[in-house]
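Novice: need a 3D model of the sequence below.
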Amino acid sequence: MKKFLYTLAFIFFLTILFTSAALAQDNIVTDDEVNAVAHQLYCPVCQNTPLDVCPTDACRDWREQIRGMLAEGKTEDEILQYFVDQFGDRVLAAPPVTTTFNWLIYILPAIIILAGAIILFRSLKEWTTPKAVAAGSGAAGTDASSPKDEYVARLEEELKKQK
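Specialist: The predicted structure is shown next:
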């Protein structure tokens, strides 16, 4: 009978031990976990204010809603998607990365800079090239120099008359 009572007391003791361990594993959501999610959202009332630092009642309600969702076991992505579905992309602190043309953001400026450099290089090269070299030597060159020679001759003649 003594063995039975000891065994019963031992089982009772183990039951209490395991019960307290089970109570310690309740899903208690800390403020840090709530703020980690809230930092990724903007306040619906104040402009450009993260949800984790905004003192308005609306933000307080949103933080409590986030706390409840975390207690239910939802992930950060699920919570963020819930708020995006409810209020649109404007509540996100960072723009969504699901767009298909993300590569344009990085490549397009480089292409524009490269095209501008090529145009600038060609323009500078054209501006610095002497016109006589650009005109070339040929029949057109002699025709172009003939009116100039006529002008110089007339100018010299006028200067001689004035002396």
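Novice: contacts, neighbours, all on C-alpha from now
Specialist: Noted.
Novice: specify the residue ranges that define each domain of the chain.
Specialist: Using automatic domain parsing, the domain ranges for the chain come out as 26-98, 102-162.
Novice: can you give me the helices for this protein?
Specialist: Taking DSSP state H as the criterion, the chain carries its helices at 2-24, 31-38, 57-72, 76-87, 102-128, 131-135, 139-162.
Novice: how about the domains of the chain in CSV, adding distance to T7, mean neighbour count and mean pLDDT?
Specialist: Listed next are those as CSV, based on distance: least, CA to CA, whole Å; neighbours: other CA atoms under 10 Å; pLDDT from 0 to 100:
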stretch, distance to T7, mean neighbour count, mean pLDDT
domain 26-98, 30, 15, 84
domain 102-162, 68, 11, 79
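Novice: can you add distance to F10 and give these back as TSV?
Specialist: Shown next, in TSV, are the domains of the chain (distance: least, CA to CA, whole Å):
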stretch	distance to F10
domain 26-98	25
domain 102-162	64
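Novice: what are the contacting residues of stretch 116-131?
Specialist: Taking contacts as CA atoms under 8 Å, 6 or more residues apart in numbering, no residue outside stretch 116-131 touches it.
Novice: export it to PDB, keeping only CA atoms.
Specialist: What follows is stretch 116-131, C-alpha atoms only, in PDB (Å, rounded to 0.1, in the frame of the first residue of the first chain):
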ATOM      1  CA  GLY A 116      23.900  60.600 -73.300                       C
ATOM      2  CA  ALA A 117      27.600  60.000 -73.100                       C
ATOM      3  CA  ILE A 118      27.700  58.800 -76.700                       C
ATOM      4  CA  ILE A 119      25.700  61.800 -77.900                       C
ATOM      5  CA  LEU A 120      27.900  64.200 -76.000                       C
ATOM      6  CA  PHE A 121      31.100  62.600 -77.300                       C
ATOM      7  CA  ARG A 122      29.900  62.800 -80.900                       C
ATOM      8  CA  SER A 123      28.700  66.400 -80.500                       C
ATOM      9  CA  LEU A 124      32.000  67.500 -78.900                       C
ATOM     10  CA  LYS A 125      34.000  65.700 -81.600                       C
ATOM     11  CA  GLU A 126      31.900  67.500 -84.300                       C
ATOM     12  CA  TRP A 127      32.300  70.900 -82.700                       C
ATOM     13  CA  THR A 128      36.000  70.600 -82.300                       C
ATOM     14  CA  THR A 129      36.700  69.300 -85.800                       C
ATOM     15  CA  PRO A 130      37.800  72.200 -88.100                       C
ATOM     16  CA  LYS A 131      35.400  73.000 -90.900                       C
END
